[in-house]
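Trainee: Test case, fold it:
(2 chains)
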Amino acid sequence: NAGVTQTPKFRILKIGQSMTLQCTQDMNHNYMYWYRQDPGMGLKLIYYSVGAGITDKGEVPNGYNVSRSTTEDFPLRLELAAPSQTSVYFCASSLTSGATGELFFGEGSRLTVL
Amino acid sequence: AQSVTQLDSQVPVFEEAPVELRCNYSSSVSVYLFWYVQYPNQGLQLLLKYLSGSTLVKGINGFEAEFNKSQTSFHLRKPSVHISDTAEYFCAVRASGTYKYIFGTGTRLKVLA
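Mentor: So this is what the prediction gives:
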């Protein structure tokens, strides 16, 4: 059972560079989420998706973009990396907002912008 | 909008002692409540959840939590902690009819020998 898989696990970027964090899930979940985790700040929602072709902004969307062309994949793109985007990024998925509502998390991607 | 407050950023406790990690939430509609645990360099795992029904919820690893609607709280408890419980614990809320899960800032539990 792979669950939620994130790549890469670690990355160092220079200011102004672009990159995509990949996230894929094999549980046929409708809902997918991107969070960032900063020390003492908890998890902040960046973007989420309720199904293929549908995305919406979370609490801290500025500087990021997402797409959801398939049920399985939900990549997060950073267009012009800034030091403020240094963080640990978590992708999560959920089958439905109804009965169980449990989020399943990937292991995280640690990004450093220098 | 919903919000979650975890007042204690760190909680040190001796092994085999009881512990309570506090969580308060704010919402104008009914909510679903969750506790997650994060071990070092790992993702988050679900400890327990309250969706409806009994206000006392039991989870994995001997943890339990009680939903108190009047006090808008969902405190996490364990009667006797182990060294292996050392981790960061996050409370989360999702409002009924929405898709967003809002997390608190986390409480770092350190169990001392």
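
Trainee: only C-alpha atoms for contact and neighbour calcs from this point on.
Mentor: Will do.

Trainee: Not counting its neighbours along the chain, what's nearest the one residue in chain B that gets nearest to chain A?
Mentor: In chain B, the residue found nearest to chain A is residue B:105; the distance is 3.7 Å by CA to the nearest CA. Spatial nearest neighbour of residue B:105, chain neighbours left out: residue A:42 (3.7 Å); criterion: CA to CA, 6 or more residues apart in numbering or on different chains.

Trainee: Next, that neighbour: phi, psi?
Mentor: Here is the backbone geometry of residue A:42 (degrees, to the nearest 10): phi 70, psi -150.

Trainee: Could you tell me how many residues sit around it?
Mentor: Look at residue A:42: counted by other CA atoms under 10 Å in any protein chain shown, it has 20 neighbours.

Trainee: can you check the one 4 residues further on too?
Mentor: By other CA under 10 Å, 23 other residues sit near residue A:46.

Trainee: quick one on the thing from earlier: shouldn't the residue nearest to residue B:105 be in contact with residue B:104?
Mentor: Yes. The criterion here is CA atoms under 8 Å, and residue A:42 meets it with residue B:104 at 5.7 Å.

Trainee: and for these two, which residues touch both?
Mentor: residue B:90 (CA atoms under 8 Å, 6 or more residues apart in numbering or on different chains).

Trainee: what does chain B have sitting close to chain A?
Mentor: Residues of chain B found near chain A, taking CA under 8 Å from any CA of the partner chain as the criterion, are B:9, B:41-46, B:51, B:90, B:97-106.
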